[in-house]
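J.: Everything below, folded, please.
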Amino acid sequence: MGTAASLEGTLLIMPGCDVRKDRESRGGGVLLAISHDFPSKQLPSPTNLEVITVSVSLVPAVVCCMVYIPPNATIEYHTDLTNYLTTITSQPNPVITFGDFNMPDINWSTLTGSSIASNNFCEFIFQSNLDQVVTSPTHKHGNVLDLILTDSAESIVDLIVHPLEYQCISSDHHLI
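T.: Numbers count the residues shown, from 1 in each chain. Predicted coordinates for the structure are as follows:
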């Protein structure tokens, strides 16, 4: 998976896997790498959001949604994203939503935030009965910005947030 920073410039990825949505403006976008060994299809998503949603043909089918929220996103952007995520999480298939949510003010142990957008997002997570399974900081400043949200937390195993010094790419985010 990748978000804005990792799509700028040259991106090397294994042959036979990728779904990407580039920005109309300079650099960035979102990328969801899915091997062609797993049949999948890209699902429609709002053009005003930096998201890619894919249904992976497993038994049962799993919906994967990659999200990037820009740091300067408006309350309208957050509302549109929450409305979209509500739509995909209300379907019967398991859903895994991940990406850079850029909400450093959320306290994940209490599921509260200091901004309207963050509090609304926490309310969405609670109302949708989702688990946020990343518990270690994912940014060099000690924040948990990169999230994995799911209604099937038991399906996420061996989750590791790698230290920055062990990464082979230049980023201020830890690899998960």
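J.: The one helix or strand Leu147 maps to pairs with which strands, and in what direction?
T.: Counting by DSSP states H and E, the element that carries Leu147 is strand 146-150. Strand 146-150 has its sheet partners listed here by DSSP bridges as strand 95-100 (antiparallel), strand 131-132 (antiparallel).
J.: looking at the ones you listed, which is buried most?
T.: With neighbours defined as mean count of other Cβ atoms under 10 Å, the strands paired with strand 146-150 peak in mean count at strand 95-100, which reaches a mean of 23. From N, CA and C alone the C-beta is placed, and that goes for glycine too.
J.: next helix or strand past it?
T.: helix 116-127.
J.: So which elements touch the longest helix seen in the chain?
T.: Secondary structure of the chain per DSSP state H: the longest helix is helix 75-89. Contacts defined by 3 or more Cβ pairs under 8 Å, 6 or more residues apart in numbering; DSSP states H and E place helix 75-89 against strand 50-56, strand 62-68, strand 95-100, helix 116-127.
J.: possible to save the ones you listed as JSON lines with distance to Tyr84 and mean pLDDT?
T.: JSON lines is the format used below for these (distance: least, Cβ to Cβ, whole Å; pLDDT from 0 to 100):
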{"stretch": "strand 50-56", "distance to Tyr84": "7", "mean pLDDT": "90"}
{"stretch": "strand 62-68", "distance to Tyr84": "9", "mean pLDDT": "90"}
{"stretch": "strand 95-100", "distance to Tyr84": "10", "mean pLDDT": "88"}
{"stretch": "helix 116-127", "distance to Tyr84": "11", "mean pLDDT": "94"}
